[in-house]
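> one predicted model, sequence on top.
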Amino acid sequence: MDNATIQEFLDEHDYDIRKTHNGRWIDQKCTMDVVCLVSDCIVEYTSGRNRKSFTVNDIWYNDYTVDNVQQIFSKPNPTEKASNEYDKYFGQPIKLLDAAGIIHGEKSGHGYVYSIVNQDLLEYISFRERNCYNFLCLYIEKVLRDSGIYRMFEYFFRLQDKNSFKELKDSYTSFTIQNTPINGATECGRIFTKVLNPLACKYKKCGTERGHISKDIITQDKIMYNQRNWRDILSEKPKDMTRVDYEVTLPKPDEDYMTTYRINRAKRNLRRFNDVYRNSKTEVYDERHIDDPATQMHHIFPANEYPQIADYLENLIALTPTQHFTYAHPNNNTQYIDRAYQYLCLIAKTGSIRDNLIGHKNEPVIYDFYLYQNVLNTGLETDEFFEVQEMDFDGLLNKIEKYY
């Protein structure tokens, strides 16, 4: 799914707050990592079910949700804690998805029953935080434009000073109070942060921090529920700094639950994609195993050596058990990688990504060319893959050849 497809979906909706009077189209807990995780929990809960409807309780009491949310975000077990602990955490992202038209809620008793309207977009958002961030920026801009207030944000992004910030914040607060049930400046301020900062990050501008204009440009760590750690997206690397020099400035990797969750999520998403759209076939063509199901999602560059790309779909490849445990890992020793087979995996993965991005097949786009460049640069410890032009897969293959 590309930006044009997302924008086409958004353009089908009128999000004008003056008409909807919805002050909760975005909210405090609607950060890209939380919305991504909640979307993943919805996809996982509804996967394989004939009935695609759900309630907030269905999602937060699901075993998959309990296991991940409790550990990743240091939340108490939802089965042992009063529900208000989770009302905002799950309710707000779900209401955002409802307001955007990705899901639809119908009043039922004291709550709502939701159904999925756009499965492809929901899955896109659930795949990784980068996707969710991309969607949120497009969605926020569309709401602001429909509501006739985007020009106020453009004005602030041009001037970037205290006066224009105060004018923007006061105008947004006044607009919200006039057109929605929200009637407090404090509450408006909390929501304002979630509106302004993703756009500030997108355009590399100052945003808001603790109620004031931020001292620095907003970076992705500032718009995460969980603050920055080693998993920062490499695309933030300054153009005049090498990857090696940039990585020195980053915090060191930690083994944490978010790491494990993201890796498992990527493996699960690739396997689901491979099962549905490639008939469970291996990505590395081999006549000896052409009829064997590809049940193993293998790291081309080992997760323990390159944790910063361990959760990238572009670093995973679907293999059969024999390919994985006999060819990729010599003598079934998963601590070692067969370099010759790693080369075959890279050639095959380049083809898979090319077909997905430019093959015009009837399948969702799940890969990112720039992230694949990051994978190659990281795994082969270079920067030269960034020299390859966008979508130049022959250029990538030529450079891969140099390392094997």
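Cool, got the structure. Residues are numbered from 1 along each chain as shown.
> which residues touch the residue positioned nearest the centre of the chain?
Centroid check for the chain by C-alpha atoms, centre = their mean gives E129 as the closest residue, at 2.1 Å. Counting by C-beta atoms under 8 Å, 6 or more residues apart in numbering, E129 touches 32-33, 36, 224. Bear in mind the C-beta positions are built from the backbone N, C-alpha and C, glycine included.
> could you do S164 as well?
Applying C-beta under 8 Å, 6+ apart, the residues contacting S164 are 155-156, 158.
> all strands for this structure, in order.
53-54, 103-108, 111-116, 206-209, 212-217, 296-299, 316-319 (DSSP state E).
> mind putting those into TSV with distance to F273, mean neighbour count and mean pLDDT?
Conversion of the strands of the chain to TSV gives the following (distance: least, C-beta to C-beta, whole Å; neighbours: other C-beta atoms under 10 Å; pLDDT from 0 to 100):
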stretch	distance to F273	mean neighbour count	mean pLDDT
strand 53-54	22	18	92
strand 103-108	21	14	94
strand 111-116	18	17	94
strand 206-209	35	20	96
strand 212-217	35	13	96
strand 296-299	10	23	97
strand 316-319	9	26	98
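> export those strands to JSON lines and append columns for distance to R24.
As requested, the strands of the chain are exported to JSON lines (distance: least, C-beta to C-beta, whole Å):
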{"stretch": "strand 53-54", "distance to R24": "19"}
{"stretch": "strand 103-108", "distance to R24": "12"}
{"stretch": "strand 111-116", "distance to R24": "13"}
{"stretch": "strand 206-209", "distance to R24": "19"}
{"stretch": "strand 212-217", "distance to R24": "24"}
{"stretch": "strand 296-299", "distance to R24": "37"}
{"stretch": "strand 316-319", "distance to R24": "36"}
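> just to revisit the earlier point, which among the contacts of S164 count as buried?
Buried subset of these (neighbour count, 16 or more other C-beta atoms under 10 Å): F156.
> identify the farthest-apart pair in the contacts of E129.
Pairwise distances across the contacts of E129 peak at 10.1 Å for C36 and M224 (criterion: C-beta to C-beta).
> more neighbours: the two, which one.
Neighbours per residue, other C-beta atoms under 10 Å: of C36 and M224, the larger number sits with C36, 24 against 18.
> so what's the nearest residue to that one once chain neighbours are set aside up against?
Among residues not flanking C36 along the chain, C132 sits closest, at 3.9 Å (C-beta to C-beta, 6 or more residues apart in numbering). Neighbour list for C132: 32-33, 35-36, 39, 125-126 [criterion: C-beta under 8 Å, 6+ apart].
> columns distance to N22 and pLDDT on top of those residues, output as CSV?
Formatted as CSV, the contacts of C132 follow (distance: C-beta to C-beta, whole Å; pLDDT from 0 to 100):
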residue, distance to N22, pLDDT
M32, 20, 95
D33, 23, 92
V35, 17, 96
C36, 22, 95
S39, 19, 96
I125, 19, 97
S126, 23, 96
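> by neighbours, which of those residues wins?
Busiest of the contacts of C132 [other C-beta under 10 Å] is I125, holding 31 neighbours.
> need the pLDDT of E314.
Looking at E314, its pLDDT is 98.
> need the contact list for the closest residue to it other than its chain neighbours.
Leaving out its chain neighbours, the residue that sits closest to E314 by C-beta to C-beta, 6+ apart is Y372, at 4.2 Å. Contacts for Y372 were tallied using C-beta under 8 Å, 6+ apart; they are 314, 349-350, 353, 396.
> over to A200?
So A200 contacts 157, 206-208, 214, 217-218 (C-beta under 8 Å, 6+ apart).
> roughly how far apart are it and Y404?
42 Å (C-beta to C-beta, to the nearest Å).
> give the rounded mean pLDDT of stretch 162-176.
Rounded mean pLDDT across stretch 162-176 is 97.
> can you list the buried residues in that stretch?
Buried-residue list, stretch 162-176, by 16+ other C-beta under 10 Å: 164-165, 168-169, 172-173, 175-176.
> and what of stretch 136-149?
136-144, 146-147, 149.
> then stretch 88-107?
Across stretch 88-107, burial judged by 16+ other C-beta under 10 Å covers 89-103, 105.
> so where's the protein uncertain?
Low-confidence segments of the chain (pLDDT under 70): 70-71, 73-86, 226-256.
> the same query, at a cut-off of 90, please.
Within the chain, the stretches falling below the threshold (pLDDT under 90) are 1-2, 47-52, 56-57, 60-90, 109-111, 221-222, 225-260, 290, 330-336, 359-364.
> quick one on the thing from earlier: would you turn the contacts of A200 into a markdown table with distance to L376?
What follows is the contacts of A200, written out as a markdown table (distance: C-beta to C-beta, whole Å):
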| residue | distance to L376 |
| --- | --- |
| F157 | 34 |
| C206 | 33 |
| G207 | 32 |
| T208 | 37 |
| S214 | 34 |
| I217 | 28 |
| I218 | 29 |
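> tell me the one of those nearest Y64?
I218 (31.7 Å).
> how about that closest one, what does it touch?
The neighbours of I218, taking C-beta under 8 Å, 6+ apart as the test, are 197, 200-201, 205-207.
> would you list the residues you listed in JSON lines and tack on distance to Y114?
Formatted as JSON lines, the contacts of I218 follow (distance: C-beta to C-beta, whole Å):
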{"residue": "N197", "distance to Y114": "27"}
{"residue": "A200", "distance to Y114": "31"}
{"residue": "C201", "distance to Y114": "29"}
{"residue": "K205", "distance to Y114": "35"}
{"residue": "C206", "distance to Y114": "37"}
{"residue": "G207", "distance to Y114": "31"}
